[in-house]
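Participant: curious how this folds, go ahead:
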Amino acid sequence: MGHYDAENTFVLTLDGDADFTPDDVIQLLQVMKMNEDIGAASGRLHPTGSGILPKYQRFEYAIGHWLQKTTESMLGSVWCSPGCFSLFRLKAIITNSEGKSKEDIFISDKENKKAVTKEHLYKTALEKYFTKSTEARHLIQYDQGEDRWLSTLLIERGWRVEYVSYSHCQTACPGTFDEFFNQRRRWFPSTVANLLDHLSKWKYLLRKSKGNPFPMIYQALLLNASCIGPGVIFLMLVSGCQVVFGFGYWVALALNSVLVIFFVLVTMFSERKYQLLAAKFLSILYAVLMVAIIVVVVMEAILPKQTCSISPSMFSLLSVIAAFFIVGLLHFKEFWKSGFLLPNGSLYYLLIPCTHILMPLYCVFNLHDVSWGTREIVDCSEIVERKDKNFSEMVLKVVGKHKNKEVLTKDTSDWKDCIKGHKTKQSDKEKNIWSKIVEENRLHPTNLNGEDNHKIQHGLNKLRTNACLFFLLMNASFVLMIFLLQVQFEEFHRFSVDWKLCKISTAIINIPRPINITTTMKPFLRPLQPDFNDWAEHD
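Facilitator: Numbers count the residues shown, from 1 in each chain. This next block holds a predicted model:
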């Protein structure tokens with residue numbers, strides 16, 4: 001198939017609302033040219049839009065790229081190359097795990113129990129990517145997150161997926177609450193499905209990564225944190241109710257349990273619009289509670305109530321803020337330009353219960369819904385205007401910069417005619433590659449008969465039931481275990497920690513001790529008392 005041409009041929013995937021410069025694509029290209037093991041590379045994404053949710057997502061994307069994607073890249077490979085702005089090497093897509101093309105593939109011993117897995121790995125990433133979804137699990141893993149699925153296929157075939165922090169792209173993000181929840185309804189299950197697929201092939205991936213276990217360990221920890229994340233935030237809210245309102249342990253637990261159970265019942269038995277309405281109401285309620293919690297924590301630090309300005313709660317809060325601030329300083333230009341720390345970071349804090357309790361529950365209980373849910377209706381008036389003068393000038397600028405020919409200076413409105421002379425001649429091998437790809441791997445609409453649709457829907461309902469039971473049981477067990485341990489340790493004072501920071505810290509604001517009027521004025525008020533005897537006082 002002409003592997004040499006395929007190795008130096010790249011495919012750029014974009015969303016229709018992506019906004020970038022040619023230099024950003026060149027940065028991706030240079031990284032892939034320096035390392036032939038890189039099968040895909042993606043840049044730094046910047047959500048656009050105005051409003052509360054776009055601001056929240058700008059902070060979320062920044063933290064996700066600065067911390068998570070950078071960590072994954074350092075450990076070995078990024079586990080998702082977003083389809084809105086990524087560059088793929090053609091050779092990585094059209095060759096199998098052994099570096100063989102489709103014509104060289106021969107699978108022996110099909111009667112073996114491992115024949116299915118072996119056949120899966122011997123297929124090229126592109127062939128496997130076009131697998132027809134005939135099972136419920138396929139719809140979740142293949143169709144709900146295509147970019148993550150393609151990245152999974154590349155990693156399983158020994159290719160690296162790289163993150164390039166100095167290549168930037170702006171892309172539209174959900175601006176409404178309903179669209180935001182529906183987008184994450186697709187992302188959350190597909191992420192978990194692909195992670196489980198990765199971990200199920202840990203022996204093979206460990207061999208492909210030359211014995212490097214850290215990517216698998218990191219993903220296992222990330223998956224575990226995603227599963228018990230709602231329980232962790234729930235316990236935080238229980239403790240917050242104790243601090244703010246002075247409730248007892250069991251009262252705070254019962255109050256928060258009622259709110260969560262209410263949302264669970266709504267997601268189980270009502271339509272989607274009522275689910276989203278309940279999520280909006282609870283998000284506002286939880287945001288008010290988060291404001292009350294932060295106010296109480298700060299007031300305890302600055303007032304001399306307990307003469308300990310750095311309590312464990314305050315120390316945890318300062319640690320998180322310091323981590324975000326330090327990583328922001330490492331990206332100072334973007335950090336200073338966006339100025340996101342206070343407004344966007346505050347929104348991120350207020351929406352923690354919404355995004356870590358309500359959203360996972362909404363995703364799990366709507367697992368049987370595989371509709372897209374976003375961007376069905378496009379409002380052209382909301383399209384972001386490009387900063388560049390026009391696309392024609394950008395094309396001519398890049399052509400003149402990277403070709404040893406003089407750029408034509410005539411009217412740029414006819415830019416297609418201007419660059420015809422700069423077009424690289426396509427070889428016969430490259431023509432054969434593209435013709436076979438287009439002919440043999442063409443996407444077709446999924447046409448299923450009534451029986452197949454009924455089978456898939458039944459499988460989705462069963463998958464939803466099992467996932468809901470597992471998700472609720474895991475979080476309920478975790479919450480109950482930690483809560484009972486907390487109650488027992490508080491009652492019997494076991495495993496208490498001598499918090500050293502309280503001994504070296506004092507209240508930030510030293511307010512004078514209130515004056516006791518009765519004690520201070522006692523010598524002056526004594527003669528006014530009925531039983532006062534002046535002679536007795538002198539005796």
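Participant: how about the helices of the stretch 251-400 of the chain, start to end?
Facilitator: Secondary structure of the stretch 251-400 of the chain (DSSP state H, counting those that start in this stretch): helices at 272-302, 312-330, 332-338, 343-350, 352-353, 359-365, 391-402.
Participant: worst mean pLDDT among these?
Facilitator: With a mean of 51, helix 391-402 has the lowest mean pLDDT of those.
Participant: still on that earlier bit, ok, which of the helices of the stretch 251-400 of the chain comes nearest residue 59?
Facilitator: helix 343-350 (3.9 Å; C-beta to C-beta). All C-beta atoms are positioned from the backbone trio N, CA, C, and that covers glycine.
Participant: helices or strands up against the closest one?
Facilitator: helix 52-63, helix 272-302 (3 or more C-beta pairs under 8 Å, 6 or more residues apart in numbering; DSSP states H and E).
Participant: who touches it?
Facilitator: For helix 343-350, the surrounding residues in contact (C-beta atoms under 8 Å, 6 or more residues apart in numbering) are 52, 55-56, 58-60, 63, 287, 290-291, 294, 324, 338.
Participant: in PyMOL, select just the buried ones from those residues.
Facilitator: To isolate in PyMOL the members of the contacts of helix 343-350 that are buried, counting by 16 or more other C-beta atoms under 10 Å, one can use:
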select buried, resi 55+56+58+59+60+63+287+290+294+324+338
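Participant: how about the nearest residue to residue 328, chain neighbours excluded?
Facilitator: Using C-beta to C-beta, 6 or more residues apart in numbering and skipping the chain neighbours, the partner closest in space to residue 328 is residue 335 (3.9 Å).
Participant: what's around that neighbour, how many residues?
Facilitator: Residue 335: 18 surrounding residues under other C-beta atoms under 10 Å.
Participant: pretty sure it sits against residue 329.
Facilitator: Yes. The pair residue 335 / residue 329 is scored as a contact, 6.5 Å apart, by C-beta atoms under 8 Å.
Participant: could you single out the nearest of the contacts of helix 343-350 to residue 205?
Facilitator: residue 63 (26.7 Å).
Participant: distance of the closest one relative to residue 320?
Facilitator: From residue 63 over to residue 320 the distance is 11 Å, taken as C-beta to C-beta, to the nearest Å.
Participant: any idea which element residue 162 lies in?
Facilitator: Element membership of residue 162 [criterion: DSSP states H and E] is strand 160-172.
Participant: counting by contacts, list what that strand packs against.
Facilitator: helix 22-34, strand 38-48, helix 70-75, helix 146-156.
Participant: gap between the spatially closest residue to residue 80 that is not a sequence neighbour and residue 67?
Facilitator: What sits nearest to residue 80 in space, not counting adjacent residues and going by C-beta to C-beta, 6+ apart, is residue 148, at 4.4 Å. Note on residue 148: its distance to residue 67, by C-beta to C-beta, is 18 Å.
Participant: give me the more crowded residue out of these two.
Facilitator: Taking neighbours as other C-beta under 10 Å, residue 148 and residue 67 compare with residue 148 leading, 21 against 13.
Participant: look at the more buried one and report its pLDDT.
Facilitator: At residue 148, pLDDT is 91.
Participant: got a list of what it touches?
Facilitator: 79-80, 190-191, 194.
Participant: outside of stretch 209-223, which residues touch it?
Facilitator: For stretch 209-223, using C-beta under 8 Å, 6+ apart, the contacting residues are 71-72, 75-77, 79, 192, 195-196, 198-199, 202, 205-206.
Participant: from those, which land in helices?
Facilitator: Among the contacts of stretch 209-223, the ones falling in helices (DSSP state H) are 71-72, 75, 192, 195-196, 198-199, 202, 205-206.
Participant: of these, closest to residue 276?
Facilitator: residue 192 (21.6 Å).
Participant: rewinding a little: tabulate the contacts of residue 148 (JSON lines), appending neighbour count and pLDDT.
Facilitator: Putting the contacts of residue 148 into JSON lines (neighbours: other C-beta atoms under 10 Å; pLDDT from 0 to 100) gives the following:
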{"residue": "79", "neighbour count": "23", "pLDDT": "90"}
{"residue": "80", "neighbour count": "25", "pLDDT": "91"}
{"residue": "190", "neighbour count": "23", "pLDDT": "92"}
{"residue": "191", "neighbour count": "21", "pLDDT": "92"}
{"residue": "194", "neighbour count": "24", "pLDDT": "90"}
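Participant: which two among the residues you listed are spaced furthest apart?
Facilitator: Every pair of those checked by C-beta to C-beta; the farthest is 79 and 190, at 11.8 Å.
Participant: including distance to residue 8, could the helices and strands packed on strand 160-172 go into CSV?
Facilitator: Listed next are the helices and strands packed on strand 160-172 as CSV, based on distance: least, C-beta to C-beta, whole Å:
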stretch, distance to residue 8
helix 22-34, 8
strand 38-48, 13
helix 70-75, 23
helix 146-156, 17
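Participant: quick one: residue 82 and residue 61, what's the gap?
Facilitator: 10 Å.
Participant: between these two, what contacts are shared?
Facilitator: With C-beta under 8 Å, 6+ apart, residue 82 and residue 61 have common neighbours residue 45.
Participant: could you pull out the buried residues of stretch 132-145?
Facilitator: 133, 136, 138-142, 144-145.
Participant: low pLDDT regions in this protein?
Facilitator: 1-5, 97-121, 303-309, 337-342, 373-427, 429-430, 433-434, 436-450, 490-539 (pLDDT under 70).
Participant: check which helices and strands the longest helix along the chain sits against.
Facilitator: With secondary structure taken from DSSP H, the chain has its longest helix at helix 450-492. When contacts are defined as 3+ C-beta pairs under 8 Å, 6+ apart, helix 450-492 packs onto helix 136-138, helix 214-245, helix 249-269, helix 359-365.
Participant: could you give the angle of that helix to helix 214-245?
Facilitator: Angle, helix 450-492 to helix 214-245, by axes from the mean of the first three to the mean of the last three C-alpha atoms, to 10 degrees: 60 degrees.
Participant: run the angle between helix 450-492 and helix 249-269 for me.
Facilitator: 180 degrees.
Participant: outside of stretch 457-475, which residues touch it?
Facilitator: If you take C-beta under 8 Å, 6+ apart as the criterion, stretch 457-475 is touched by 135-137, 139-140, 227-228, 230-231, 234, 264, 360-361, 364-368, 370.
Participant: give me that answer again for 6 Å
Facilitator: Residues from elsewhere that reach stretch 457-475 (C-beta atoms under 6 Å, 6 or more residues apart in numbering): 136, 227, 230-231, 364-365, 367-368.
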